[in-house]
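Engineer: Fold the following, please.
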Amino acid sequence: MPLWLAAAIAVTLLVVALGGLAYYGVNQMFNLVDELPKYSGRVRAEVAKVSRKAQTLEAMTPTPEKGAVKVHETQNWTDLLSHGFGSATEIILACSFVPFLIFFMLNWQEHARWCGPGCGALWD
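Structural biologist: Model prediction:
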């Protein structure tokens, strides 16, 4: 079997296995979302408990100066939609580059091997 074919098969199997794991993970996530209404009462009780604790902590902290106005910058709706878009595309680009890198590392391993002085025509 040619080296390039073996490398292509190995990379294809890797991509298929990772795709299968991603598919399984997404299915599990959707199952969790479907079952979430069953546990909504428990979740609400826990959130209320945490909220009460946060309110007691807030009561212990000193209040800011009365009459002070806080100014917050408003965001454009396009900023809200594109927030985090750069990091997501970078991750997708990096993940799509990995199979090509693995293929060429497997396929060109003979070219990249260096055995040291005296073992190749370059050093004679």
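
Engineer: Centroid-nearest residue for this protein?
Structural biologist: Using CA atoms, centre = their mean, the residue of the chain that lies closest to the mean C-alpha position is I91, 6.7 Å off.

Engineer: ok, now how distant is it from L21?
Structural biologist: Applying CB to CB, to the nearest Å, the value for I91 to L21 is 16 Å. No exception for glycine: its C-beta is placed from N, CA and C like everyone else's.

Engineer: Just the element for the residue nearest to the centre of the chain, please.
Structural biologist: helix 85-107 (DSSP states H and E).

Engineer: so what does that helix touch, helix or strand wise?
Structural biologist: With contacts taken as 3 or more CB pairs under 8 Å, 6 or more residues apart in numbering; DSSP states H and E, helix 85-107 sits against helix 3-35.

Engineer: Low-confidence stretches in this structure?
Structural biologist: Within the chain, the stretches with pLDDT under 70 are 58-67, 74-75, 77-86, 111-124.

Engineer: tally of neighbours for V11?
Structural biologist: If you count neighbours by other CB atoms under 10 Å, V11 ends up with 20.

Engineer: and what of W108?
Structural biologist: Other residues close to W108 by other CB under 10 Å number 13.
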